[in-house]
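K.L.:
can't give you the sequence, but here's the structure:
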């Protein structure tokens, strides 16, 4: 991968990660760095999924690929938030 491809992946991953956070209700308890990591992973997996389904390269904007990436980023952010919040939660007091 060339440096321009790496920079593109980082920028697209950042955008996808932020969009993934925006589609989730409430506040997420993960930082910006984790959002970027999840976004980059979602961008790569979304592109792979779109290519496997034959919708990776279309004329104009690849809306279906973006949709895959954003949904995967939302799922990734939610899963990571839940995993991290589970370690920080206080036990519930029974009545």
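P.N.:
Arrived safely, thanks for sending. Since the structure is predicted, the reported quantities are computational estimates derived from the model, not experimental observations. Numbering: from 1, shown residues only.
K.L.:
alpha carbons only for contacts and neighbour counts from here, please
P.N.:
Will do.
K.L.:
helix/strand/coil for residue 54?
P.N.:
Following DSSP: H, G, I helix; E, B strand; the rest coil, we place residue 54 in the coil state.
K.L.:
what residues of the host helix or strand of residue 79 count as buried?
P.N.:
Assignment of secondary structure by DSSP states H and E places residue 79 within helix 63-88. Within helix 63-88, the residues that qualify as buried are 64-66, 68-78, 80-81, counting by 16 or more other C-alpha atoms under 10 Å.
K.L.:
which residues does the nearest residue to residue 70 once chain neighbours are set aside contact?
P.N.:
Nearest residue to residue 70 in three dimensions, chain neighbours excluded: residue 20, at 5.1 Å (C-alpha to C-alpha, 6 or more residues apart in numbering). Residues in contact with residue 20 (C-alpha atoms under 8 Å, 6 or more residues apart in numbering) are 39, 70-75, 77.
K.L.:
how about residue 58?
P.N.:
Listed by C-alpha under 8 Å, 6+ apart, the contact set of residue 58 is empty.
K.L.:
determine the three-state secondary structure at it.
P.N.:
coil.
K.L.:
average pLDDT across the helix holding residue 79?
P.N.:
Over the span of helix 63-88, the pLDDT mean works out to 82.
K.L.:
who are the packing partners of it?
P.N.:
For helix 63-88, the helices and strands in contact under the criterion 3 or more C-alpha pairs under 8 Å, 6 or more residues apart in numbering; DSSP states H and E are helix 3-22, helix 32-52.
K.L.:
of these, which stretch is the most buried?
P.N.:
Neighbour counts averaged per stretch over those are highest for helix 32-52, at a mean of 20; criterion: mean count of other C-alpha atoms under 10 Å.
K.L.:
now that one against helix 3-22, angle please.
P.N.:
Relative orientation of helix 32-52 and helix 3-22, computed by axes from the mean of the first three to the mean of the last three C-alpha atoms, to 10 degrees: 100 degrees.
K.L.:
what's helix 32-52 packed up against?
P.N.:
Using 3+ C-alpha pairs under 8 Å, 6+ apart as the contact criterion, the neighbours of helix 32-52 among helices and strands are helix 3-22, helix 63-88.
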